[in-house]
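A.B. asks: Predicted model and sequence follow; I will ask about them next.
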Amino acid sequence: MTSVTSTVVRLKLSLLRNGLRQSGGRRAAFVFSAVAAVLFALAQLLGLLLLRGHAHADVAAVTGTAVLALGWAVLPLFFPSGDETLDPTRLVLLPLRPRPLIRSLLAASLLGIGPLFTLLILAGCVLAPAHGPAGYVVAPVALVLVLLSCVALARTVATANVRLLTSRKGRDLAVLSGLVIAVGAQAVNFGAQRLGSSGLGQLRPVADVLSWIPPASAVAAVRSASEGAYGTTLTQLALSALGLTLLLSTWSRVLTRLMTAPDGSTLQPADAGTRDRAGTGGLARLLPGGRIGTVMERSLRYIWRDPKTKAAWVTSLAIGLIVPVFNAVQGTGSVYFACFAAGMLGIQMYNQFGQDTSAFWMVATTISSPRDAHAELRGRALALLLIALPYSVLVTVVTSALLGAWSRLPEVLGLSLALLGAMLATGAWTSARFPYSIPQEGHKNIAAGQGSLAWISILGGMIAAALLCAPLIALTITLHVTAGGTTWTWLLLPTGTAYGTTLTCTGLRLSAPRTASRLPEILGAVSKG
């Protein structure tokens, strides 16, 4: 009789093989990603082996293991479709008990690029601090414990959140994966620069703590065995084994509940409609009346509910804060970098009608004059300002505090508000003149054949916004040169506020007639996705 484990392993191999047969592009992407991952892992393995004999080799090994485990924990949340076997509910109709099912899924999880990548890096982590017979004996045990812990951790997280990963919110997390990668890259870059200047020694306190936390404690056991501390070695290995046991036990309980409990994801509580109506009324009471308030509420709901709109906003909010703050912390930044937040959030005004896609026809039927179009654009701009204005102020204050440049806060804030106003003005005009569709499916944010429209809209609008801010920039330079300091630069705050407000109002008013006259063209452009 064929065992369950071999059947599930063959199923995983069949899924991989059939997926590669779908297209040549998918095969090429798989081969490229596999080669790139293996080469990178081999480079890391070589780097860890070169650390052998270094005083802080164990620090790099222990912290690297902890980072790997963290990656395995969050990976299923942001890439739920990366492994078709992550959803055990597909096997719910089969007569399988939890224990053999866990054993089978654990074995299947060891197949793929990710486990191979992890295995190579973990080999370097356990060999870097190892020396002497005892260290080499403990190293393979630690390697197996850590690898199984990483896989079990990923499976436990995926099983506990399987309802989320197959829902709209799960798709939101997948869309936001690019943001996580961008933020993580900035954090890694910052950490690498700090380590390059001060060395691995500053991570010693962190590594000492991680040495007693599974699964990193297994790698720390290799160091303890190499130093002859056999009691500490057994304790650290026992902690890793206990952590793996707890993970498997938790996975078993979650899997049993998932496979036996009814799926209530499509059932709506009786009071859900009442809560939704109450929430809508509460939001509407805080917004202006008439069409403007309705448009603001619709725009805010897009930001909260539409996956791609939400991803664009979260990305802009994060990067708008990361760039000035990280540069300020590194000591290489300028307080003027705070204007980056206003620029990133102002981009959200571009292609306002693209997020409506084909549903823009409902908006178009309510616009019968430039006055209606002006109210529509004004509501969208106010919804954007509701978030962008306080956030730009916050980023400016934080950047000024980190750099100790409080005297320049008024002028930088004035420049930020002027830039935000210019972006709103040019964004409204380009939304009417160069609209393009945003596909609802997949990860592409521009429909096929409309790439040039998107580039013209965004790049042209940003250049125009910079030119519109040129008078205020010239005034800033003049005040610094003539006053010889920051005596009169506080005038830039009210001046920038008034200038940005004037630009926004003028841009909305000039864009309204064009929007009203180009409704059919806008609808055709945004409906191609």
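C.D. replies: Everything's here; your move. Note that the structure is predicted; figures quoted are calculated from it, not measured. Residues are numbered from 1 along each chain as shown.

A.B. asks: So which bits of the helix or strand hosting residue 482 are buried?
C.D. replies: Using DSSP states H and E, residue 482 sits within helix 470-483. The neighbour-count check on helix 470-483 (16 or more other CB atoms under 10 Å) flags 472, 475-476, 479-480 as buried. No exception for glycine: its C-beta is placed from N, CA and C like everyone else's.

A.B. asks: So which elements touch it?
C.D. replies: Helix 470-483 is packed against helix 409-433, helix 492-517, with contacts defined by 3 or more CB pairs under 8 Å, 6 or more residues apart in numbering; DSSP states H and E.

A.B. asks: State the mean pLDDT of that helix.
C.D. replies: The average pLDDT within helix 470-483 is 84.

A.B. asks: before we move on, what about stretch 414-424?
C.D. replies: What stretch 414-424 shows for mean pLDDT is 93.

A.B. asks: Show me how far it is from its chain's centre.
C.D. replies: In terms of CA atoms, centre = their mean, to the nearest Å, the centre of stretch 414-424 is found 26 Å from the chain centre.

A.B. asks: Is it correct that residue 116 is in contact with residue 35?
C.D. replies: No - the pair formed by residue 116 and residue 35 falls short of the contact definition of CB atoms under 8 Å, at 11.5 Å.

A.B. asks: So for stretch 232-240, what gets flagged as buried?
C.D. replies: Buried residues in stretch 232-240, counted by 16+ other CB under 10 Å: 232-233, 236-237, 239-240.

A.B. asks: Which of those fall within strands?
C.D. replies: With DSSP state E as the criterion, strands contain none of the buried residues of stretch 232-240.

A.B. asks: any chance of the residues you listed in JSON lines, plus pLDDT and distance to residue 399?
C.D. replies: Output for the buried residues of stretch 232-240, formatted as JSON lines (pLDDT from 0 to 100; distance: CB to CB, whole Å):
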{"residue": "232", "pLDDT": "91", "distance to residue 399": "46"}
{"residue": "233", "pLDDT": "91", "distance to residue 399": "48"}
{"residue": "236", "pLDDT": "92", "distance to residue 399": "43"}
{"residue": "237", "pLDDT": "93", "distance to residue 399": "47"}
{"residue": "239", "pLDDT": "93", "distance to residue 399": "43"}
{"residue": "240", "pLDDT": "92", "distance to residue 399": "43"}
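
A.B. asks: And the residues you listed, which two are furthest apart?
C.D. replies: Pairwise distances across the buried residues of stretch 232-240 peak at 12.8 Å for 232 and 240 (criterion: CB to CB).

A.B. asks: I'd like the mean pLDDT over stretch 326-334, please.
C.D. replies: What stretch 326-334 shows for mean pLDDT is 77.

A.B. asks: my bad, stretch 64-78
C.D. replies: Taken as a whole, stretch 64-78 has a mean pLDDT of 81.

A.B. asks: returning to what we had before: please identify the most buried of the helices and strands packed on helix 470-483.
C.D. replies: Per residue and on average, the most neighbours among the helices and strands packed on helix 470-483 fall to helix 409-433, with a mean of 27 (mean count of other CB atoms under 10 Å).

A.B. asks: pLDDT score for residue 346?
C.D. replies: With respect to pLDDT, residue 346 has a value of 90.

A.B. asks: I'd guessed it sits against residue 385; true?
C.D. replies: No - using CB under 8 Å, residue 346 is not in contact with residue 385; the gap is 10.0 Å.

A.B. asks: Comparing these two, which residue is more hemmed in?
C.D. replies: Remark: of residue 346 and residue 385, residue 346 carries more neighbours, 27 against 18, as counted by other CB atoms under 10 Å.

A.B. asks: And the strands in the stretch 151-300 of the chain?
C.D. replies: In the stretch 151-300 of the chain, no strands are found when defined by DSSP state E, counting those that start in this stretch.

A.B. asks: low-confidence ranges in it?
C.D. replies: Along the stretch 151-300 of the chain, the model assigns pLDDT under 70 to residues 162-201, 261-284.

A.B. asks: what about 90?
C.D. replies: 154-210, 214, 226-229, 250-294, 297-300 (pLDDT under 90).

A.B. asks: send the alpha carbons of stretch 302-315 over as CSV?
C.D. replies: What follows is stretch 302-315, C-alpha atoms only, in CSV (Å, rounded to 0.1, in the frame of the first residue of the first chain):
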residue,chain,number,x,y,z
TYR,A,302,-11.4,53.0,-2.5
ILE,A,303,-8.3,53.6,-0.5
TRP,A,304,-9.4,51.2,2.2
ARG,A,305,-11.0,48.4,0.1
ASP,A,306,-9.5,48.4,-3.4
PRO,A,307,-6.3,46.3,-3.2
LYS,A,308,-4.2,48.2,-5.8
THR,A,309,-5.4,51.6,-4.5
LYS,A,310,-4.5,50.5,-1.0
ALA,A,311,-1.1,49.2,-2.1
ALA,A,312,-0.3,52.5,-3.9
TRP,A,313,-1.2,54.5,-0.8
VAL,A,314,0.6,52.3,1.7
THR,A,315,3.7,52.3,-0.6
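
A.B. asks: All good on my end, thank you.
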